[in-house]
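[1] coordinates only, no sequence provided:
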């Protein structure tokens, strides 16, 4: 079973890339909670809603529908990939949504997943707190290490759940090409923020 998507091309330091749909379609302030924090009524795209349920409600039942949607898109994209490389997580969670999706996608496609191809040996500040793209890029310099033995000469699909500014994805794609000697790097994000494109 798949959901309807509206893919958008992503431009960056990679061969070609897409985000499958916008994450949220609208957000209306409904008031403030007892701590004074704003509360919103947020609407999401169908894929954004599935991702929200997986990340924040821990609803693993949506993984199959997400993977079916991604695999259908990949049939139309018609790229040849040797390896799926998940983006390293920015937050420590009990379960990592990107890994759950890439592992299920790899099984469905019969393509290996390399969850140790990219590591982040040094901590960086939360990028969502840094608005300036140039500053984000500077923070990410030399932040990632690549397992060249796994990536050299291969066509890679770099996969993430949410595309914001593209700073992190660009940094990782550059490292996969330079340090990792990848043949080509394709990128795919499930969703993008409304302000990112």
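    Everything's here; your move. Keep in mind that this is a model prediction, so the values were computed, not measured. Numbers count the residues shown, from 1 in each chain.
[2] strands of the protein, residue ranges please.
    Counting by DSSP state E, the chain has strands at residues 8-10, 16-22, 24-32, 38-44, 83-86, 112-113, 118-119, 145-146, 155-163, 184-192.
[3] identify the residues contacting the longest helix anywhere in the chain?
    With DSSP state H setting the assignment, residue counts place helix 63-77 as the longest helix in the chain. Here helix 63-77 makes contact (C-beta atoms under 8 Å, 6 or more residues apart in numbering) with 1-3, 5, 7, 18, 20, 47, 50-51, 54, 100-101, 104-105, 108-109, 188, 190. Bear in mind the C-beta positions are built from the backbone N, C-alpha and C, glycine included.
[4] I'd like to know how far the residue nearest to residue 46 when sequence neighbours are not counted sits from residue 79.
    The spatial neighbour of residue 46 that comes closest, neighbours along the chain excluded (C-beta to C-beta, 6 or more residues apart in numbering), is residue 3 at 3.8 Å. From residue 3 over to residue 79 the distance is 21 Å, taken as C-beta to C-beta, to the nearest Å.
[5] those two: which has the busier surroundings?
    Set residue 3 next to residue 79 and count neighbours by other C-beta atoms under 10 Å: residue 3 wins out with 18 against 12.
[6] and that one, how far is that from residue 14?
    25 Å.
[7] cool, and residue 143?
    17 Å.
[8] which residue lies farthest from the center of the protein?
    Computed with C-alpha atoms, centre = their mean, the residue of the chain farthest from its C-alpha average is residue 34, at 33.4 Å.
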